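Novice: what's the 3D shape of this:
(chains A and B)
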Amino acid sequence: MPHYAPSLSRLIEELQRLPGIGPKTAQRLAFYLLKVPREEASVLAYTILEMKDRIRVCSICFNIGEEDKCKICRDGTRDETLLCVVEEPNDLLAIERTREYKGYYHVLQGSLSPLEGRGPEDIRARELINRLKDGQVREVIIATNPNVEGEATAFYLGKLLKPIGVRITRIAMGLPMGGDLEYADEVTLSRALEGRREF
Amino acid sequence: MVWLDIGQGTKIAMPLHTTEAIVIGGHDLGEVDRIVVFYTEKLGKVRAVASGARRVRSKFGAALLLFTYGRLVFFERVGKGLHRVNEFAILRPFEKLRTDLEVLAHASYLVELLAASTSDEERNEELFHLLLQALGLLEKGHDSFPIARAYEIRLLRSIGYLPELQSCVICRVPLEPATPLAFSPGEGGLVCPDCQSGRKDIYLVSTTALGFLRMALKLSLDRMGRINLPGTSREELVEVLQAYIRHLLHRDLRTLDFLRAYATLWKAR
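Specialist: Residues are numbered from 1 along each chain as shown, chains lettered A, B, ... in the order given. Predicted coordinates:
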């Protein structure tokens, strides 16, 4: 970037590191920030640093929060017999949006992927077993993604948790609401048939 | 390339390709898209963007999951490297490969090796059919060990890196089966007893292991899958082939790390 002032060039380079931001978008954002008042730019910079300083991982479920225990783990009104296992904090938020689930969570902070070389040591599986030792949890709901990595993780956890004797369930898979049956592929449709229930 | 007739005998080239393909990898792009790596019958390894593939109501559904064999229609973006997936109709989902972690890891090894040892858009029908057959056998529940080793040696032959298995790779003396043999990854083949002295990069190879490698080049993958090898020969074959592949690729494959970590953890329990 020979035509830019060095500080602007550095900002463009830094913005390009963000996911989904290419050179053009980085350039547009940098020029936008150049035009905003200094205070506005300071607020953005301060907010990023504040978030980095304050956010921590919950010592129980590995969700993110600002305290040692996250808001959900501190909530004593939830059903302690249910534990929903998700890959990332974003997945937890997606389930919370349903307002259907009232139990607690366990965030694995990743998934198994042979092709990416991510093995069992790279997820919070050992911590999950430790959480089940006191016998309070009656059902573990595995809500990993319906892709190869999520399925591999679910099978691994299933095998790992079976000897503990807790009920293990997997979230249902199949047709999305509002979709058309005729356009569903055979894998999705067969999963929907497998997971059918009494009407 | 598809030719579109625009009348009066004039045809224009449409960069639209249709070919059978197997999904061998991919990664997320932006918020909802995915870059999918296919191994195609007509064009070898192809990378293409599947727009909206991660949306719950994506038109691709489960079609772009790893190992899926299907009919791919894609628009070629000349000179850009990344093409655009238009359609991928499932011919065989290979779903059972994804429902057992160990089988998944072995099948992942096959596709990772293929992806790592081939360049983009170099046609090789033999490799396409080799992978298709190997995945089919793994799905049927055949022992993954002889299939993976036979797959490795046939893949190496197909890409032009077949190690020397008949005579000494250094002095060219034909080797008798009874001779104590060794394999040198750096030299690319078997080394006779005279040439072995002083060499550090050699692995001993038994007659059984060598016989397996020679047979794997002649017999079908299906027949190789039924061969029951003793434990020591298995260890030798893994050592030799993986040392040679590491030498060629200059790195270890990630799936091997996964298989090692998985085996260690499971044994420890």
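
Novice: Could you find the closest non-adjacent residue to residue A:22?
Specialist: residue A:16 (7.1 Å; CB to CB, 6 or more residues apart in numbering or on different chains). To be clear about C-beta, it is placed using only N, CA and C from the backbone, and glycine gets the same treatment.

Novice: so who does the one you found touch?
Specialist: A:22, A:23, A:26 (CB atoms under 8 Å, 6 or more residues apart in numbering or on different chains).

Novice: Walking through chain B, point out its strands one by one.
Specialist: B:2-5, B:11-14, B:16-29, B:33-40, B:44-50, B:69-75, B:83-92, B:181-184, B:189-191, B:203-205 (DSSP state E).

Novice: quick one: contacts of the fifth one?
Specialist: Just to be clear, that refers to strand B:44-50. Contacts for strand B:44-50 (CB under 8 Å, 6+ apart): B:21, B:24, B:29, B:33-40, B:58, B:60, B:64, B:72, B:74, B:81-85, B:88, B:114-115, B:118-124, B:127-128.

Novice: again, 6 Å this time
Specialist: B:33-40, B:60, B:64, B:74, B:82-85, B:118, B:120-124 (CB atoms under 6 Å, 6 or more residues apart in numbering or on different chains).

Novice: Going by neighbour count, which of these are buried?
Specialist: B:33-40, B:60, B:64, B:74, B:83, B:85, B:118, B:124 (16 or more other CB atoms under 10 Å in any protein chain shown).

Novice: Can you name the residue of the stretch 101-250 of chain B nearest chain A?
Specialist: Residue of the stretch 101-250 of chain B nearest chain A, by CB to the nearest CB: residue B:108 (3.9 Å).

Novice: my read: that residue touches residue A:113, true?
Specialist: No. Counting by CB atoms under 6 Å, residue B:108 sits too far from residue A:113 to count as a contact (8.4 Å).

Novice: who's more crowded, those two?
Specialist: Set residue B:108 next to residue A:113 and count neighbours by other CB atoms under 10 Å in any protein chain shown: residue B:108 wins out with 27 against 23.

Novice: Pull the contacting residues for the closest residue to the more buried one other than its chain neighbours.
Specialist: Nearest residue to residue B:108, sequence neighbours excluded (CB to CB, 6+ apart): residue A:114, at 3.9 Å. Residues counted as contacts of residue A:114 (CB under 6 Å, 6+ apart) are B:105, B:108, B:255, B:258.

Novice: Also residue A:192?
Specialist: Counted by CB under 6 Å, 6+ apart, residue A:192 has contacts A:174, A:175.

Novice: quick check, it in a strand?
Specialist: No. Counting by DSSP: H, G, I helix; E, B strand; the rest coil, residue A:192 falls outside a strand, being helix.

Novice: Check the gap between it and chain B for me.
Specialist: Distance, residue A:192 to chain B, by CB to the nearest CB, to the nearest Å: 11 Å.

Novice: Just checking the distance from stretch A:90-102 to the centre of its chain.
Specialist: Stretch A:90-102 sits 11 Å away from the centroid of its parent chain (CA atoms, centre = their mean, to the nearest Å).

Novice: Name the residues of that stretch that are buried.
Specialist: Neighbour-count burial for stretch A:90-102, counted by 16+ other CB under 10 Å, picks out A:91, A:92, A:95, A:101.

Novice: Show me chain B divided up by domain.
Specialist: Listed domain ranges for chain B are B:2-93, B:96-261 (source: automatic domain parsing).

Novice: Going by mean pLDDT, which of those comes out lowest?
Specialist: Among those, domain B:2-93 has the lowest mean pLDDT, at a mean of 87.

Novice: hmm, back to that, quick check: the residue nearest to residue A:22 vs residue B:153, distance?
Specialist: The gap separating residue A:16 from residue B:153 is 44 Å, by CB to CB, to the nearest Å.

Novice: ranges for the strands of chain A?
Specialist: Under DSSP E, chain A gives strands at A:56-57, A:64-65, A:79-86, A:103-107, A:139-142, A:167-170.
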